[in-house]
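J.: Task: produce atomic coordinates for the following.
(chains A and B)
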2 protein chains.
Amino acid sequence: FDVVDHSTYVFLGDGCLMEGVSHEVCSLAGTLGLGKLICLYDDNGISIDGDVAGWFSDDTPARFRAYGWHVVEAVDGHDPQAVSDAIAAAKADLGRPSLICCKTIIGFGAKNKQGTAATHGAPLGDEEIAVARETLRWPHEPFEIPQAIRTAWDATEIGRAHEARWLALFEAYAAEFPEQAAEFQRRMNGELPEDFDRRAGQAVTTIAAEAKDMATRKASERALNELGEWLPELLGGSADLTGSNNTFHANSSAIAAGAGGNYVFYGVREFGMAAIMNGLALHGGFIPYGGTFLTFADYARNALRMAALMEQGSIFVFTHDSIGLGEDGPTHQPIEHVASLRLMPNMRVWRPCDAVETAVAWRDAIARRNGPTSLILTRQGLPHQLRTSDQIDAITRGGYILFSTPATPEVILIATGSEVGLAMAAAKQLAEERVEVRVVSMPCVELFDSQSSDYREHVLPAAVTARVAVEAGSTGLWWRHVGSGGAVLGIDHFGASAPAKQLFEKFGITSEAVIKAARSLK
Amino acid sequence: FDVVDHSTYVFLGDGCLMEGVSHEVCSLAGTLGLGKLICLYDDNGISIDGDVAGWFSDDTPARFRAYGWHVVEAVDGHDPQAVSDAIAAAKADLGRPSLICCKTIIGFGAKNKQGTAATHGAPLGDEEIAVARETLRWPHEPFEIPQAIRTAWDATEIGRAHEARWLALFEAYAAEFPEQAAEFQRRMNGELPEDFDRRAGQAVTTIAAEAKDMATRKASERALNELGEWLPELLGGSADLTGSNNTFHANSSAIAAGAGGNYVFYGVREFGMAAIMNGLALHGGFIPYGGTFLTFADYARNALRMAALMEQGSIFVFTHDSIGLGEDGPTHQPIEHVASLRLMPNMRVWRPCDAVETAVAWRDAIARRNGPTSLILTRQGLPHQLRTSDQIDAITRGGYILFSTPATPEVILIATGSEVGLAMAAAKQLAEERVEVRVVSMPCVELFDSQSSDYREHVLPAAVTARVAVEAGSTGLWWRHVGSGGAVLGIDHFGASAPAKQLFEKFGITSEAVIKAARSLK
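T.: Modelled structure (predicted):
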């Protein structure tokens, strides 16, 4: 039952083939032998700055053969039969992706401008349009399509026939394999299993009961082990950091050329990975997730933005989230990254403080099918935080009261991720000094900001202006939550190479510093 | 006088060759025929996730030949003579960059772990170190270098001889061409011309006297025309947007294979461009600048960060800086980009409001040789702002009073770039209504923040809590400057495709909205 038998077509220009991401994804497509991938290269030799000969002289067919592709060279892109024949040849090669090199003239027919950058971004103008009409022998009015052409291009009937054939095939499939057919439809419709809420909730409860201290990257693997077993649409991967990102869970199996599975070894290709994840999300039937170090999110930033703009539910697993990664030093230590992801419209950013918040973050990321999520995870171990079941429920609000002395707080400590533990230690010390203190854990700022004003006032009462935010990264965005009367402990300079503990002390991200800031404000 | 005759050596691994940027820069290097570029590829077939065969099966020599490179294949990377011969062959090819493919075994000698990912990032351990010592017949203590090896590798004498030969050559050069030799030394020392301050100041004065309304991208070209004439170390370029970025000034000439010049047509390669600019800065003798659309800064973000981390003075020209670019729509409209660049440590971000601020921004970017600058420029025309000469001098402080009614302000409007004009219109309306109002233009937030507290208090008195910031982008970072009593007008969602004027109205970035916000606060 060949219910999935479509090809994927890509249109490429010279500019696309100059961009680095073309290398990352086409190299991997060759290795994986993606025979259903057919790329049509519009080889017109012109980019915005002019004739590409001055900046792009690749032998592109040779380049793609080096990737293991099937290349159809020297096709006349203005000859429909030649293009059609090339597509047929591409479809016949089931073991390799195909590149069809279509030689074309940009602005074909506009005789005085064709073959130049003048036809790239600017309108032709009335005079040149008249020339083109004459060259192309096109006497028809604008938007008038002659009947002969309309008939030749009308695919209604053939489309209807194709659809009927597929529906009959699917009906036969469903008759013989009703469960699989229903599962296929569920996944292609982008629906979660009916019992998702119950089972995902159970996973959170189980993990909370374990009450384990662990790095949140390990906690992420723990959550995936719970969820991956019954969510086969999860399609994982890592950009060559599988063991560090903890993305390969108990039910993961590697995809290879000619071998199915649910895990892609993307290689050292962060941008390619994120772009492919978006393609998988757009295709449907999958919930893609993929890991790299947070600092390398910079490589993939355009694809992260595209996921947000296209409202696709890609899940980006970013581990090694601060100076807490230690010895690898400033090239690998994120400073501005968490804040810069929070700035991206429609990107949801979770920075959980322990295994429980990590499990809730995963549940939320999977449930969120109309936008991407970035999971910001530590390399280093973090303490488990005790919570009531109401507090566990409140995690989904993005910010909640994790600890509070009984009376109205004199000071509120706001923290995320690895700094929640520091804030809790500081609060306990302050409470012993009879300071009325509250700790707000805010693993997802966007979700907290989207709560009702009542809820936000409940967590952060306007009357309490003594507020300290602590996060081992850029401070700039926290002023909105702490206000003019508050303080922000963070890091606005590059990191350094040393054991994590030393770095936190050196850069003043300690419970002592939190206590000092709180005392100075209250 | 071959005073510049060095080669540039690059060490590459499998991971480097998977990354997209390897395509961008190696393709361009081939086109430009960079014969002095010699790359040694450590082809060990292992990356962190294991044997690369599962995710990287490129025929790399064929790929590089497709770029027009000279490729030396199948070199035994453990055979010094073979590597040395390959380097000699590479040096002999003056017209093409060379790739030397060195087949190696990772962890060579550690018999039980060599050739596997176990030797990539983790220590070998005492036992395996003992094995390696035996295999390699290395009986010496740690850090003990046997005399025979020390002697063979000691390059002191040969280095001294090379240096003496070069110094004699340079002396002869300086005797015959004293001006050129002095100029060479100035540039290689990274010193600006002695009269830089005077001439750059004169350029600002000239441009201020012209008092012209124009897009800041045009103003940038205007500034370059003034500066480029007598700053030959400026090495420009654009990632295929020369006409849009206005980066090709009156004294620009294109670099091509075998042809010198001061302008690189980088092709559609934003990341490659930024990385190459950093390389040029590190090499010395050049002040690199390069243009693309601001939204495409995302592609180059890692190279921007590296410039900041390495304290290199690359100048990034980012035009089309907001919804003001209009019809190209949300893929091209920056929202979070200005804020996310401001978050990057050691990155200086200028968003000038007219031709005068643009000229000052260029002067500052060129004078700043220990860190990168991003120039954020408009597509659309902006009005010239009238200033006293004191106000022109104050631009270099990053934020200054552009307009003020005589008394202590009831409300302060803070704006950057294209929104300064809106703030000025709003202020004039408010002044007519007898509101005491001040406009602070803040083209460079980092510079303003680095001023003395006296100066900052002078511009933004703590007593004036009614403050409105307006900028057509993310609002999040402005709360620090407006405080709890303030308001921020900006855009925290993706843009849309429409004429710019309509978008500013639709998204509430208008002088009327500024007036309304100001009235609600004062």
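J.: Could you count how many residues lie near A:Q147?
T.: 7 (other CB atoms under 10 Å in any protein chain shown). Any C-beta I mention is one placed from the backbone N, CA and C, and that applies to glycine too.
J.: Could you report the distance from it to chain B?
T.: According to CB to the nearest CB, to the nearest Å, A:Q147 stands 33 Å off from chain B.
J.: Likewise for A:D43?
T.: A:D43 is 14 Å from chain B, by CB to the nearest CB.
J.: Identify the bridge partners of that residue.
T.: Here A:D43 sits in beta bridges with A:K103, as judged by DSSP bridges.
J.: so who does it touch?
T.: Applying CB atoms under 8 Å, 6 or more residues apart in numbering or on different chains to A:D43 gives the contacts A:14, A:60, A:77, A:101-104.
J.: Could you check the pLDDT of it?
T.: With respect to pLDDT, A:D43 scores 98.
J.: how much space is there between it and A:H70?
T.: 17 Å (CB to CB, to the nearest Å).
J.: One more: A:I149?
T.: Note on A:I149: its distance to A:H70, by CB to CB, is 32 Å.
J.: Comparing those two, which shows the higher neighbour count?
T.: Shown here are A:I149 and A:H70; by other CB under 10 Å, A:H70 has more neighbours (20 against 10).
J.: Excluding chain neighbours, what is closest to A:E270?
T.: Using CB to CB, 6 or more residues apart in numbering or on different chains and skipping residues adjacent in sequence, the residue nearest A:E270 is A:Y299, 4.0 Å away.
J.: B:A303 is in contact with the one you found, correct?
T.: No. Taking contacts as CB atoms under 8 Å, A:Y299 lies outside contact range of B:A303: 10.0 Å.
J.: Could you check which of these two has the larger neighbour count?
T.: A:Y299 (29 against 26).
J.: returning to what we had before: in ChimeraX, select just the buried ones from the contacts of A:D43.
T.: Buried members of those, defined by 16 or more other CB atoms under 10 Å in any protein chain shown, are picked up in ChimeraX with:
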select /A:14,60,77,101,102,103,104
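J.: Now render the contacts of A:D43 as a markdown table, adding pLDDT.
T.: Below are those laid out as a markdown table (pLDDT from 0 to 100):
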| residue | pLDDT |
| --- | --- |
| A:D14 | 97 |
| A:T60 | 98 |
| A:G77 | 98 |
| A:C101 | 98 |
| A:C102 | 98 |
| A:K103 | 98 |
| A:T104 | 98 |
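J.: Return the member of the contacts of A:D43 nearest to B:E157.
T.: A:T60 (49.2 Å; CB to CB).
J.: distance of that closest one from A:K103?
T.: 11 Å.
J.: returning to that earlier point: ok, the contacts of A:D43 vs A:L341, which is closest?
T.: Using CB to CB, A:D14 comes nearest to A:L341 of those, at 32.0 Å.
J.: give the contact list for that closest one.
T.: For A:D14, counting by CB under 8 Å, 6+ apart, the contacting residues are A:42-47, A:52, A:56, B:268.
J.: mind giving me TSV with these and columns for distance to B:T247?
T.: Shown next, in TSV, are the contacts of A:D14 (distance: CB to CB, whole Å):
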residue	distance to B:T247
A:D42	27
A:D43	27
A:N44	24
A:G45	23
A:I46	20
A:S47	15
A:V52	18
A:F56	19
B:V268	15
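J.: Compare these and tell me which has the most neighbours.
T.: Neighbour-wise, the contacts of A:D14 (other CB under 10 Å) top out at B:V268, 28 neighbours.
J.: Quick check, it in contact with A:G15.
T.: Yes. In this structure, B:V268 is within contact of A:G15 by CB under 8 Å, at 3.8 Å.
J.: what sits in contact with each of the two?
T.: A:47, B:240.
J.: tell me the contacts of A:G398?
T.: Neighbours of A:G398 in contact, by CB under 8 Å, 6+ apart: A:442-451.
J.: 10 Å - rerun?
T.: A:348-350, A:364, A:441-451, A:455, A:459 (CB atoms under 10 Å, 6 or more residues apart in numbering or on different chains).
J.: Kindly report the same for A:L34.
T.: Counting by CB under 10 Å, 6+ apart, A:L34 touches A:8, A:25-26, A:28, A:69, A:95-98, A:257.
J.: nearest to chain B, of those?
T.: A:L28 (6.4 Å; CB to the nearest CB).
J.: On the pLDDT front, check the closest one for me.
T.: For A:L28, the model assigns a pLDDT of 98.
J.: again, but for the one 4 residues further on
T.: pLDDT, the model's per-residue confidence, is 98 for A:L32.
J.: That one: neighbour count?
T.: A:L32: 21 neighbours (other CB under 10 Å).
J.: wait, doesn't it sit right on B:A53?
T.: No. Checked against CB atoms under 10 Å, the pair A:L32 and B:A53 is beyond contact range at 11.9 Å.
J.: Which neighbours do those two have in common?
T.: What both A:L32 and B:A53 touch, as defined by CB under 10 Å, 6+ apart, is the set A:A256.
J.: so A:M310 touches A:M347, yeah?
T.: No. Assessed by CB under 10 Å, A:M310 is found out of contact with A:M347, at 12.0 Å.
J.: For chain B, what's its nearest residue on chain A.
T.: Per CB to the nearest CB, A:G20 is where chain A lies closest to chain B, at 2.4 Å.
J.: need the contact list for that residue.
T.: For A:G20, the contact set (CB under 10 Å, 6+ apart) comprises A:269, A:271-272, A:299, B:19-25, B:27, B:268-272, B:275, B:299.
J.: now the host helix or strand of A:S27 and helix B:20-32, what's the angle there?
T.: Take DSSP states H and E as the rule and A:S27 turns out to sit in helix A:20-32. Orientation note: helix A:20-32 sits at an angle of 110 degrees relative to helix B:20-32 (axes from the mean of the first three to the mean of the last three CA atoms, to 10 degrees).
J.: Output stretch A:93-100 as CSV, restricted to C-alpha atoms.
T.: Only the C-alpha atoms of stretch A:93-100 are listed here, as CSV (Å, rounded to 0.1, in the frame of the first residue of the first chain):
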residue,chain,number,x,y,z
ASP,A,93,16.5,7.3,-9.7
LEU,A,94,15.1,6.1,-6.4
GLY,A,95,18.4,5.9,-4.5
ARG,A,96,19.8,9.4,-5.0
PRO,A,97,18.4,13.0,-4.8
SER,A,98,18.4,14.7,-8.2
LEU,A,99,19.6,18.1,-9.3
ILE,A,100,18.2,19.2,-12.7
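J.: Brilliant, that's me finished.
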